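Participant: Give the three-dimensional model of this entry:
(one chain, ligands or ions: 1)
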Amino acid sequence: MSTSNPSRPSTTPTRPRCDRTAAWQALASHYEKAGQRFDLREAFARNPGRFDALGVEAPEVFADLSKNLVDAETLRLLVALARECAVEQQRDAMLRGDPVNATEGRAVLHTALRAPLGEAPFGAEVHATLDAMLDYAEVVRDTRRSAIRHIVNIGIGGSDLGPQMAVPALDAFARPELTFHFVSNVDGHDIAPVLRRLVPSETLFVIASKTFTTQETMANARAARAWFTAHGGSDIAKHFVATTTNVEAAAAFGIATTFGFRDWVGGRYSMWSAIGLPIAIAIGAAHFRALLAGAHAMDRHFAEAPLERNLPVLLGLIDIWYRNFHGFTSRSVAPYHQGLKRLPAYLQQLEMESNGKRVDLDGGDLSFGTSPVVWGEPGTNGQHAYFQMLHQGTDVIPVEFILVKTPAHDLHDLHAKLLANGLAQAQALMRGKATKEALGERPPTASAELGPETLAKHRTFPGNRPSTTLVLERLTPHSLGALVALYEHRVLTSGALWGINSFDQWGVELGKALCNDLLPRLQGQGGDLSGLDGSTAGLLRRLRAT
Ligand code: F6P
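Facilitator: Okay, the predicted model is just below:
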């Protein structure tokens, strides 16, 4: 990875849009001829080496891609598409620090936050902040001296979801004397029950906001400060810390200790920056450095592995195949590890805020779909909720299983059951159950009124439903870092192919502006309803305090 100066003019290559390439046309005809009729069961029967051929090793993550609706020709054409769309050049431009976030004229350098000194732009600044933040984290987690027992992170979106996902994921490495709380919503029902359990002398509030202007975070921060003083708290400098790019605003709020970062860290890519402070307090400096090192290992894989064996690239390409050729509109993520319970929410922001776009870089309307809906729950809970639809619903929804070989506990019987469930679900999605097979069964709960053919129809599973299985040896700071970086680069890959800007989020602006207009109307006694549509005016009348 290069260390060139990010302030020089962009050398970002022209980005041929995916739908204007020869490979796209070739993929369309491959889909017509073979792709739409591809059958996983036949593919395994034809090729006993399919698992080995479609197993990909990346740092800390093994991926079984063999249960996807792809053959060698599909992958060859997808890789050709990546080359034609200059994905490698776009990746290199990001890693160099070119202003690839074109609509905001910014570099995108979250990879620099986890690179060893000298291997990426802004190294000296990044490492100085990291060292200072980790020293501070160690002071806080020395609970006998600090007397801190509760950490309350107040932030939203990217200033919440990373720590909220990573702290429980790394619980086995966390300091047990500390309890972590995450307050994000501008809803008193979020912060009030947290505050009820706290005393000021044992509490540290982390006010996390890239901009330090976000309505929800500022309102919660003010509520926390008011609670702190009302309950006898006196030393705001000790009990409040800020993580932000807006150091002045944090100081104006009365916060003396601030850890900063730059505008080239996008909110949803910021858990590696000062925004990761709660993670550092939970797991300590050495483990936080391991988290960064794991992400860096995946960065190197992304930067250096040939496209044919480059895991983030392959996952991004399969996403394109499903979204744009098969027409699948969502993807379900099923982490079979309770610690990863917030990973689907984290990935929703990462993927849908990045790639939920409808115009290309030149502002041209897209004639194809972009971000799928990403959703999920940890296994096995999801099995007892929505897996019914995955197996027998009318939509095909690719599923991503995440299995961790070795648990952090010694309840081995439970863990074996967990893994067997994950494997079985992927197997069932692929195999299905033919009507003929179902005809031979008569479950005891079946109605006696029902004819065997009708019952068999209800008990038929079409199968041939695709899934990817990611396997980690253990869930550690290093492997979690690699896993999250894998997802980041996958999102970059599909965004680069679609020719969109994966690094802005203008779509959240309109609602914010309208909220600022409605708030005084809601609070005002007489209430000005002028200019509102009938529905909003009617609802506002109903909701207004009288
Ligand atoms: O939802 C929009 C957004 O800007 C996210 O991208 C960001 O992570 C979140 O709001 C929080 O912003 P901030 O960190 O500036 O408070």
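Participant: Is the spatially most central residue of the chain within a helix or a strand, and which one?
Facilitator: Against the mean C-alpha coordinate of the chain, by CA atoms, centre = their mean, the closest residue is residue 347 at 1.9 Å. Assigned by DSSP states H and E, residue 347 belongs to helix 343-347.
Participant: sorry, back to before: so what's the residue nearest to the centre of the chain up against?
Facilitator: With contact taken as CB atoms under 8 Å, 6 or more residues apart in numbering, residue 347 is in contact with 333, 374, 487. C-beta: built from backbone N, CA, C; applies to glycine.
Participant: Does residue 191 touch residue 222 like I think?
Facilitator: No. Counting by CB atoms under 8 Å, residue 222 is not a contact partner of residue 191; they are 10.6 Å apart.
Participant: more crowded one of those two?
Facilitator: Taking neighbours as other CB atoms under 10 Å, residue 191 and residue 222 compare with residue 191 leading, 22 against 13.
Participant: Of all the residues in stretch 518-534, which ones are buried?
Facilitator: Neighbour-count burial for stretch 518-534 flags 521, 527, 532 (criterion: 16 or more other CB atoms under 10 Å).
Participant: average pLDDT for it?
Facilitator: For stretch 518-534, mean pLDDT rounds to 87.
Participant: Check stretch 312-322 too.
Facilitator: 98.
Participant: chain center to that stretch: distance?
Facilitator: Here the centre of stretch 312-322 is set off from its chain's centre by 16 Å, with CA atoms, centre = their mean, to the nearest Å.
Participant: Tell me which residues of that stretch come out buried.
Facilitator: 312-322.
Participant: Between those, which sits nearest residue 205?
Facilitator: For those, the residue nearest residue 205 by CB to CB is residue 312; the value is 35.7 Å.
Participant: my guess is the closest one meets residue 493, correct?
Facilitator: Yes. In this structure, residue 312 is within contact of residue 493 by CB under 8 Å, at 5.9 Å.
Participant: Count the residues that sit near the residue in the stretch 301-450 of the chain that the ligand sits nearest to.
Facilitator: In the stretch 301-450 of the chain, the residue that lies nearest the ligand is residue 353 (5.8 Å; CB to the nearest ligand atom). Counted with other CB under 10 Å, the neighbours of residue 353 add up to 22.
Participant: Once you drop chain neighbours, what's closest to it?
Facilitator: Nearest non-adjacent residue to residue 353, counting by CB to CB, 6 or more residues apart in numbering: residue 505, 5.0 Å away.
Participant: ok, that neighbour - how many residues close by?
Facilitator: When neighbours are defined as other CB under 10 Å, residue 505 has 21 of them.
Participant: do the same with the one 10 residues further on
Facilitator: Residue 515 is flanked by 12 other residues according to other CB under 10 Å.
Participant: Please tell me how far it sits from residue 254.
Facilitator: To residue 254, residue 515 is 26 Å away according to CB to CB, to the nearest Å.
Participant: now residue 423
Facilitator: Residue 423 is 54 Å from residue 254, by CB to CB.
Participant: so which of the buried residues of stretch 518-534 are also by the ligand?
Facilitator: Subset of these in contact with the ligand: empty, counting by CB under 6 Å from any ligand atom.
Participant: closest to residue 460 among those residues?
Facilitator: Using CB to CB, the buried residues of stretch 518-534 come closest to residue 460 at residue 532, 51.2 Å.
Participant: quick one: which helix or strand includes the nearest residue to the closest one once chain neighbours are set aside?
Facilitator: Closest residue to residue 532 apart from its sequence neighbours, by CB to CB, 6+ apart: residue 540 at 7.0 Å. Assigned by DSSP H and E, residue 540 falls within helix 534-543.
Participant: List the contacts of that helix.
Facilitator: 518, 521-522, 527, 529, 532.
Participant: please redo it, this time with the cut-off set to 7 Å
Facilitator: Contact partners of helix 534-543, identified using CB atoms under 7 Å, 6 or more residues apart in numbering, comprise 518, 521-522, 529, 532.
Participant: which parts of it are buried?
Facilitator: Of all the residues in helix 534-543, those buried under the rule 16+ other CB under 10 Å are residue 540.
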